[in-house]
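Engineer: any chance you can model this:
(chains A and B)
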Amino acid sequence: RKEVEQDPGPFNVPEGATVAFNCTYSNSASQSFFWYRQDCRKEPKLLMSVYSSGNEDGRFTAQLNRASQYISLLIRDSKLSDSATYLCVVSRGGSYIPTFGRGTSLIVHP
Amino acid sequence: NAGVTQTPKFQVLKTGQSMTLQCAQDMNHNSMYWYRQDPGMGLRLIYYSASEGTTDKGEVPNGYNVSRLNKREFSLRLESAAPSQTSVYFCASSDFGRNIQETQYFGPGTRLLVL
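Structural biologist: Numbers count the residues shown, from 1 in each chain, chains lettered A, B, ... in the order given. Just a heads-up that it's a prediction; the model follows:
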């Protein structure tokens, strides 16, 4: 089993839709969780950290479920500009090395 | 404040040629990383430097060497390029150690084609 797994998609949704991605991780010692966004032919950029209690940033909501070892990202009212690949990132406590998922592709169409 | 910069942006090499990819960060971060990204493979760690003066192998170090020149700069060298090293290379830095929620900041990438 891969350490961090994501559905590669693509998720093809109309503008205004709500879409959710999940990411599962295998290492129960994981302590830090992030969602990154990567546009085509660009570098990954931090979208949001994921906190134990869940957190929201505008149209984006991230949740952590430690018992089932997954994190989720919910995007409400999708915009064309949300089209990108979303990378799930997990770090063990004390580790310098985060583990990246392979990403989930989102395409928002008019 | 430029963040993480990489040079060159693009490079074409012939098999057997050597080159060095340069990376610099101006955020006073302790840790720096080199990744490669290939279609369908995601980001794979080549080497990392937890702090100035230390370097360690990542998942795919074969065919590469690194130098942590100082706190700001971390270079990646291909001694004898092979077509399998055709990829997009990203440098990243993070403030690991001072902040448990360590975020990685990436450079814009170097697109390398080995013929």
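Engineer: give me the buried positions along stretch B:108-115.
Structural biologist: Buried residues in stretch B:108-115, counted by 16 or more other C-beta atoms under 10 Å in any protein chain shown: B:Pro108, B:Gly109, B:Thr110, B:Leu112, B:Val114. Every residue, glycine included, has its C-beta placed from N, CA and C.
Engineer: would you reformat these as a markdown table and include distance to chain A and secondary structure?
Structural biologist: Below are the buried residues of stretch B:108-115 laid out as a markdown table (distance: C-beta to the nearest C-beta, whole Å; DSSP: H, G, I helix; E, B strand; the rest coil):
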| residue | distance to chain A | secondary structure |
| --- | --- | --- |
| B:Pro108 | 6 | coil |
| B:Gly109 | 6 | coil |
| B:Thr110 | 11 | strand |
| B:Leu112 | 14 | strand |
| B:Val114 | 19 | strand |
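Engineer: closest one of the residues you listed to A:Gln38?
Structural biologist: B:Gly109 (10.3 Å; C-beta to C-beta).
Engineer: for the closest one, which residues are in contact?
Structural biologist: B:Gly109 makes contact with A:Lys42, A:Glu43, B:Gln6, B:Lys9, B:Gln37, B:Val88, B:Tyr89, B:Phe90, according to C-beta atoms under 8 Å, 6 or more residues apart in numbering or on different chains.
Engineer: and the first one, which of the three is it?
Structural biologist: If I follow you right, that is A:Lys42. What DSSP: H, G, I helix; E, B strand; the rest coil gives for A:Lys42 is coil.
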